[in-house]
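# Predicted model, plus sequence, below.
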Number of protein chains: 2
Amino acid sequence: MKCSVFIATSADGFIAKNDGGVDWLHTSGNPDAQMADQADMGMGVYMASVDCMIMGRNCMEMIDGMNLTDEQWPYGNTRIFVLSNTVKEAPSGLKGKVEMFSGEIKTLIARLEGEGYQHAYVDGGKTIQAFINLGLINEMTITRAPVLLGEGKSLFGKTHKDIKLVNARATAFANDFIQEHYTVTYT
Amino acid sequence: MKCSVFIATSADGFIAKNDGGVDWLHTSGNPDAQMADQADMGMGVYMASVDCMIMGRNCMEMIDGMNLTDEQWPYGNTRIFVLSNTVKEAPSGLKGKVEMFSGEIKTLIARLEGEGYQHAYVDGGKTIQAFINLGLINEMTITRAPVLLGEGKSLFGKTHKDIKLVNARATAFANDFIQEHYTVTYT
């Protein structure tokens, strides 16, 4: 199964402030920019390419904290699994929207493959790091907000070895966000 | 005086491994790519735009360790100042090529402005971080090598506040390096 990442970071590589805050993401960049058909910076096309989603507990709790209405829910009907070995039940605000999974990542991948899923959207810093160290992330799209935060929760973490990226593509949007796309190799 | 940055990092934001090593930079990317007139990824045009250079001691020692011949020296006749409050003399390999400076960054900038310099190339992680926190870096060109190192010496460090970037531009080169350009604002 293909696993990919589609995530926003600061220009210095953070996905959230130390307290989990992502307000900086929504206030970054030029709000008056004419984005034309790039207003969602590729999110719609990306979501249409995946058939399931795997995220970490922190990521789930951040989404739960947003108290999104059904209209605001950005993941459509995509089936979502949340990795946690401690939290066994989805919070009330996400009941029916996410399924908890406890156990090995490779077990979950095997199960999803057995059910016919072909492309997972992997989200959350620690989850992405774990997937990279298992050699499971195939592609990454990183959208860098035009701001330096100085500190926070990093997208990337320690790796077992240097990880080579290929097929680099880059787009600077009119709002000053820069999107990078890579294929990840593990040889 | 305008101050700018032109530096290479890994895709996860490191300028060197923890031991100072930068071998990964030279082995990253596709060596067979046809780079045409982009072989230096903009370094020549950038060097032609600066009239002096300010670097930290670590950066100087890394360059000294490369034992560059005059033909390999990448900075031409650009006047180079090295910031250090402990090392008072340039190492023998860099005698005549760099001048040591001990004291406040703003004192050096005032002196260079008094001598008519107009655009400084600022290099080295800690030096760049110090300049950013003094509100002195005006533009940054960051060239990201297509590799995740997992750990090392970060380009960026803590900031006094969020630093807003504007005028984003991005180029993906044929060798899979991605170059980002920003103007830095401090308001």
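Yep, that arrived.
# Against chain B, how distant is the residue of chain A positioned farthest from its centre?
Most distant residue from the mean C-alpha position of chain A: residue A:32, 25.9 Å away (Cα atoms, centre = their mean). Distance check for residue A:32 against chain B: by Cβ to the nearest Cβ, to the nearest Å, it reads 12 Å. Every C-beta, even on glycine, is put in place using the N, C-alpha and C of the backbone.
# can you check residue A:169 too?
Using Cβ to the nearest Cβ, residue A:169 is found at 5 Å from chain B.
# Can you get me a residue count around that residue?
14 (other Cβ atoms under 10 Å in any protein chain shown).
# Quick one: list the elements packing against the helix or strand that contains it.
Element membership for residue A:169, per DSSP states H and E: strand A:163-172. Packing contacts for strand A:163-172, counted by 3 or more Cβ pairs under 8 Å, 6 or more residues apart in numbering or on different chains; DSSP states H and E, involve strand A:178-184, strand B:147-148, strand B:163-172, strand B:178-184.
# in that strand, what's buried?
Neighbour-count burial for strand A:163-172, counted by 16 or more other Cβ atoms under 10 Å in any protein chain shown, picks out A:163-165, A:168, A:170-172.
# what angle sits between it and strand B:178-184?
Using axes from the mean of the first three to the mean of the last three Cα atoms, to 10 degrees, the inter-axis angle of strand A:163-172 relative to strand B:178-184 is 50 degrees.
# Quick check: can you name the pairing partners of strand A:163-172 and their directions?
strand A:178-184 (antiparallel), strand B:147-148 (antiparallel) (DSSP bridges).
# Could you give the bridge partners of the most centrally placed residue in chain A?
The centroid of chain A falls nearest to residue A:123 when counting by Cα atoms, centre = their mean (3.1 Å). Residue A:123 forms beta bridges with residue A:55, as assigned by DSSP bridges.
# quick one: it and residue A:8 touch, right?
No: look at residue A:123 against residue A:8 with Cβ atoms under 8 Å: they stay out of range, at 10.7 Å.
# Name the residues that touch the helix or strand hosting residue A:25?
Residue A:25 belongs to helix A:23-27 when assigned by DSSP H and E. Helix A:23-27 has contacts (Cβ atoms under 8 Å, 6 or more residues apart in numbering or on different chains) with A:8, A:10, A:17, A:145, A:147, A:149, B:162.
# Could I get the average pLDDT for it?
Mean pLDDT, helix A:23-27: 94.
# before we move on, the earlier item: of the contacts of helix A:23-27, buried ones?
Neighbour counting by 16+ other Cβ under 10 Å classes A:8, A:10, A:17, A:145, A:147, A:149 among the contacts of helix A:23-27 as buried.
# Which residues of chain A lie near chain B?
Applying Cβ under 8 Å from any Cβ of the partner chain, we find that chain A lies next to chain B at A:11-13, A:24, A:28, A:30, A:132, A:144, A:146-151, A:154-173, A:176-180, A:182.
# what residues are up against the residue nearest to the centre of chain A?
Per Cβ under 8 Å, 6+ apart, neighbours of residue A:123: A:5-7, A:53-56, A:59.
# By neighbour count, which of these wins?
Among the contacts of residue A:123, the one with the most neighbours (other Cβ under 10 Å) is residue A:54, at 26 neighbours.
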